[in-house]
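Engineer: everything below, folded, please.
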Amino acid sequence: MKKCIQPQSRNDEILARQLAALAHPVRLTILRALACSEKACCKDVVDRLPLAQSTVSQHLKVLSQAGLVAMDRCRPHSHYRLDREALAGLGMRLSAFSDECLSPAETFFAPDLKETPFV
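Structural biologist: Numbering: from 1, shown residues only. As a prediction, the model looks like this:
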């Protein structure tokens with residue numbers, strides 16, 4: 001019988017961090033923009049969005065910290081690129097999480113919960 005509550009894993013931490021990074025519509029737009037090119041500087045992304053450079057830069061930083069965007073420092077500009085492998089890994093983690101949660105209810109058992117008898 002499968003235990004319902006599993007200990008937190010490294011995959012859970014990565015999934016949570018990456019999903020948090022995706023939880024802003026502008027960041028999704030930025031990822032789509034980066035997917036259209038091999039690499040782009042911040043100005044290239046700013047030119048596609050109605051946002052200030054500082055705002056786009058902050059969003060790129062969040063995506064980079066989550067591991068979804070790679071940054072190459074090339075003076076005078078930094079170049080950003082979508083980390084396609086990391087995005088694929090996110091998809092696999094999310095799929096595994098979804099499969100785990102959507103398993104038939106009878107396969108789950110929470111050891112600290114008691115059944116309530118029907119009256």
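
Engineer: show me where pLDDT drops low in this protein?
Structural biologist: Applying pLDDT under 70 to the chain flags residues 1-7, 104-119.

Engineer: tell me where it has helices.
Structural biologist: Per DSSP state H, the chain has helices spanning 10-22, 25-35, 42-46, 53-65, 84-101. These are given in chain order.

Engineer: which residues sit against the second one?
Structural biologist: Right, helix 25-35. 21-22, 40, 44-45, 48-49, 51, 55-56, 59-60, 62-63, 68-69, 80-82, 87 (C-beta atoms under 8 Å, 6 or more residues apart in numbering). (Glycine included, C-beta is placed from N, CA and C.)

Engineer: give me the residue at the spatial middle of the chain.
Structural biologist: residue 18 (2.5 Å; C-alpha atoms, centre = their mean).

Engineer: can you tell me which residues contact it?
Structural biologist: Per C-beta under 8 Å, 6+ apart, neighbours of residue 18: 66, 67, 68, 86, 90, 93.

Engineer: turn the helices of the chain into TSV, including distance to residue 73.
Structural biologist: Formatted as TSV, the helices of the chain follow (distance: least, C-beta to C-beta, whole Å):
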stretch	distance to residue 73
helix 10-22	20
helix 25-35	16
helix 42-46	12
helix 53-65	11
helix 84-101	19
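
Engineer: got JSON lines for the contacts of residue 18, with distance to residue 75 and neighbour count too?
Structural biologist: JSON lines is the format used below for the contacts of residue 18 (distance: C-beta to C-beta, whole Å; neighbours: other C-beta atoms under 10 Å):
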{"residue": "66", "distance to residue 75": "25", "neighbour count": "20"}
{"residue": "67", "distance to residue 75": "24", "neighbour count": "17"}
{"residue": "68", "distance to residue 75": "24", "neighbour count": "23"}
{"residue": "86", "distance to residue 75": "25", "neighbour count": "17"}
{"residue": "90", "distance to residue 75": "31", "neighbour count": "21"}
{"residue": "93", "distance to residue 75": "35", "neighbour count": "18"}
